[in-house]
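A structural model of the following input is requested.
(2 chains)
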There are 2 protein chains.
Amino acid sequence: MTNATRTKTALSELGEFGLIRRLTENIVLKNESTIKGVGDDCAVLDFKNKKIVVTTDLLTEGIHFNLMYVPLRHLGYKAVTVNLSDVYAMNATPKQITVSIAVSAKMSVEALDDLYSGIYLACERYNVDLVGGDTTSSLTGLTISVTAIGEADEEDLVYRNGAKNTDLLCVTGDLGGAYMGLQLLERENEVFKVNPQMTPQFAGYDYILERQLKPEARKDIPPLFKELGIRPTSMIDISDGLSSEILHLCTESEVGCRLYEDRLLYDNQTKKMADELNINPLVAALNGGEDYELLFTLPVTDHDKIRNHPDISVIGHITDKSEGVNLITAGVGQAIPLQAQGWNPLKN
Amino acid sequence: MTNATRTKTALSELGEFGLIRRLTENIVLKNESTIKGVGDDCAVLDFKNKKIVVTTDLLTEGIHFNLMYVPLRHLGYKAVTVNLSDVYAMNATPKQITVSIAVSAKMSVEALDDLYSGIYLACERYNVDLVGGDTTSSLTGLTISVTAIGEADEEDLVYRNGAKNTDLLCVTGDLGGAYMGLQLLERENEVFKVNPQMTPQFAGYDYILERQLKPEARKDIPPLFKELGIRPTSMIDISDGLSSEILHLCTESEVGCRLYEDRLLYDNQTKKMADELNINPLVAALNGGEDYELLFTLPVTDHDKIRNHPDISVIGHITDKSEGVNLITAGVGQAIPLQAQGWNPLKN
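Next up, the predicted model:
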């Protein structure tokens, strides 16, 4: 990707339709619900008697990603998985995506090939069809808009608003890794800007780098729920940080919550990088965001079904609304009201 | 809207969730197929046994619109209607949209209110529900991404690929108006840049200005087809110019076509502005784009059903593929191969 001798073709050589053809000609549709994909005024879908879920995200250069250190292939992959994460957060299965891009005319066709290779890799791994989109130019940076469509049986759908007093608050995986990966990338980028001869110091941090650059969505979790015979009472994915997501669940469900600091799980690389940069990993988990894990609540009677499951941690429990939403600190057990200090794209 | 004393609230005062609340709190869902709108990880839809159509567009400042002369309210309206036009072009009925925006932090909350007032006006008029989206910032201009979702019975769907030899080539409404409206707006904008004291000369051009700034989608046409007892063999909406769309239909259907110059319909304002600017209205129709009329083909046996209908013109007929796609000029009747010279967003 950084091979300087690689051919670079100007977008204007292909034009819009030539570019669309190049980027979409190898699509093989995988899902029965996809009747017609790219190539007409609309895609045509058929979900029979299933419910349909729809989600969309818009990523802009300089706000959501820095092309100085984000490879386009990873960016394409991530643009898809962050949307699929929202579909899994409904306990649904993603089936189709549309992808629209606005690109600077200076971008090469080969750069877009890289971006789409990541998009298609995600489509392959998550078994979704790319069924449409729009390809246009921008006067400045790259913008990517992805819409994901999924299906679920009505009885499987999980909303944000079903958490009940005494429910367990659970989370998949470990937290804070994506944020620490970002800190590492930004540190090395600063070093590079000062001295381009310096080799970036990434050794031993592959996991947190991947959490940031090429996150996966938890497609394993909806089938795991079936396998364990559980159905969350509420669920949300962690894109803006644990604090913000817990507050969403509690607001929508009109409940309070106790989150226990000592129940939060960090990967060793997250802890090591946090140490190196003198950041409390708790801050990364609460406010860092982009972990794309699933946060959900379960009736306390389901505790035995998930106890000691390696993919699920119980990190707190739901309370009456009047008790508020609190972090219970490790050791002293002080209750501190949680505040949404997650990433705010409108505050630059 | 140009009242300088109007309050301007910084976006950062509201933050992302505050802004989303402000922009979406008055939504009243209108469609039975909308189970859950804004406010969860995904919207939830239910189309029962209908087929679903999906389309999406991405509009970027400086490429698709110039905020020097495009009012935000109109821009919001147009961002919706251009997507609905794609749904009608499938002979389907739009039901839901998602709207994502990336805005410069310098933009005021009130400016976004204007944008969304246009979006909601379109939702109202076309009976669609806004069910989701994303609100984020951009380092530069405004970007708007709209996805529209619609429904149709399988037997009503019309694709681009069904045109048959001898079919009539038909179009709704008149052509070239949006392009001439754009020329007028750009001319007056140039005048304004030289001398801000000059009053823009828009009198008598309300129709072509509206065609450009606030186009409607032809929601009347699918029910009209039912009423007339016809079903097009192929259909597409005219967004890039008649040439480009005819070539799409013919390529997808593997047919040729004869388009008759003297059958094309222009509004008087289109003709007058074309005269004033010394542009052939044919060029505006073929290559101007943004008319958002519907281009379709019908079996010749349906001719009596549409003859003299004020909303439909027969502008040519389908031929064998070997005859190519030709414009038959008025008067001499010369056949000139059509070329797609429509708007190419990747050629700046």
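
Surely A:Ser145 and A:Thr56 touch.
Yes. Between A:Ser145 and A:Thr56 there is a contact at 6.8 Å, judged by CB atoms under 8 Å. Glycine gets a C-beta too; all of them are placed from N, C-alpha and C.

Which stretches in the stretch 1-150 of chain A count as helices?
Under the criterion DSSP state H, counting those that start in this stretch, the stretch 1-150 of chain A contains helices at A:11-24, A:72-88, A:109-126.

Now the second one: average pLDDT?
The one in question is helix A:72-88. Helix A:72-88 comes out with an average pLDDT of 97.

to the chain's geometric centre, what's the distance from that helix?
Here helix A:72-88 is found 6 Å from its chain centre; the criterion is CA atoms, centre = their mean, to the nearest Å.

just the angle between that helix and helix A:109-126, please?
Counting by axes from the mean of the first three to the mean of the last three CA atoms, to 10 degrees, helix A:72-88 lies at 30 degrees to helix A:109-126.

out of the helices of the stretch 1-150 of chain A, which comes closest to A:Ala203?
In terms of CB to CB, the element of the helices of the stretch 1-150 of chain A nearest to A:Ala203 is helix A:72-88, at 18.7 Å.

Keeping just the C-alphas, turn that closest one into CSV.
The C-alpha atoms that make up helix A:72-88 are tabulated as CSV, following Å, rounded to 0.1, in the frame of the first residue of the first chain:
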residue,chain,number,x,y,z
LEU,A,72,-7.6,2.8,3.6
ARG,A,73,-8.3,-0.9,3.6
HIS,A,74,-8.7,-0.8,7.4
LEU,A,75,-10.9,2.2,7.1
GLY,A,76,-13.2,0.5,4.7
TYR,A,77,-13.4,-2.5,7.0
LYS,A,78,-14.2,-0.4,10.0
ALA,A,79,-16.8,1.8,8.2
VAL,A,80,-18.7,-1.4,7.7
THR,A,81,-18.2,-3.1,11.1
VAL,A,82,-19.2,-0.1,13.1
ASN,A,83,-22.6,-0.2,11.4
LEU,A,84,-23.0,-4.0,11.8
SER,A,85,-22.3,-3.5,15.5
ASP,A,86,-25.5,-1.5,15.7
VAL,A,87,-27.4,-4.3,14.0
TYR,A,88,-26.1,-6.9,16.5
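
so who does the residue nearest the centre of chain A touch?
The structure's chain A has its C-alpha centroid closest to A:Val82; by CA atoms, centre = their mean the separation is 3.1 Å. Going by CB atoms under 8 Å, 6 or more residues apart in numbering or on different chains, A:Val82 touches A:57, A:146, A:215, A:217, A:239, A:290, A:292.

In TSV, list these along with pLDDT.
Putting the contacts of A:Val82 into TSV (pLDDT from 0 to 100) gives the following:
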residue	pLDDT
A:Asp57	95
A:Val146	97
A:Pro215	97
A:Ala217	98
A:Ser239	94
A:Glu290	96
A:Tyr292	98
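
most packed of the helices of the stretch 1-150 of chain A?
helix A:72-88 (a mean of 26; mean count of other CB atoms under 10 Å in any protein chain shown).

I'd like to know how many residues surround the residue lying closest to A:Glu61 once chain neighbours are set aside.
Spatial nearest neighbour of A:Glu61, chain neighbours left out: A:Gly141 (3.1 Å); criterion: CB to CB, 6 or more residues apart in numbering or on different chains. When counting by other CB atoms under 10 Å in any protein chain shown, one arrives at 19 neighbours for A:Gly141.

which ones are touching A:Gly141?
Applying CB under 8 Å, 6+ apart to A:Gly141 gives the contacts A:60-62, A:67, A:104, B:139-140.

Could you report the neighbour count for A:Asp220?
Neighbours of A:Asp220 using other CB under 10 Å come to 12.

For the nearest residue to it once chain neighbours are set aside, give me its contacts.
Nearest non-adjacent residue to A:Asp220, counting by CB to CB, 6+ apart: A:Asp311, 7.3 Å away. The contact partners of A:Asp311, by CB under 8 Å, 6+ apart, come to A:172-173, A:220-221, A:224.

which one of the residues you listed sits closest to chain B?
Sorting these by how near they are to chain B, with CB to the nearest CB, puts A:Ile221 at the top with 13.0 Å.

what's the spacing between the closest one and B:Pro71?
46 Å (CB to CB, to the nearest Å).

Having no further points to raise, I will conclude here.
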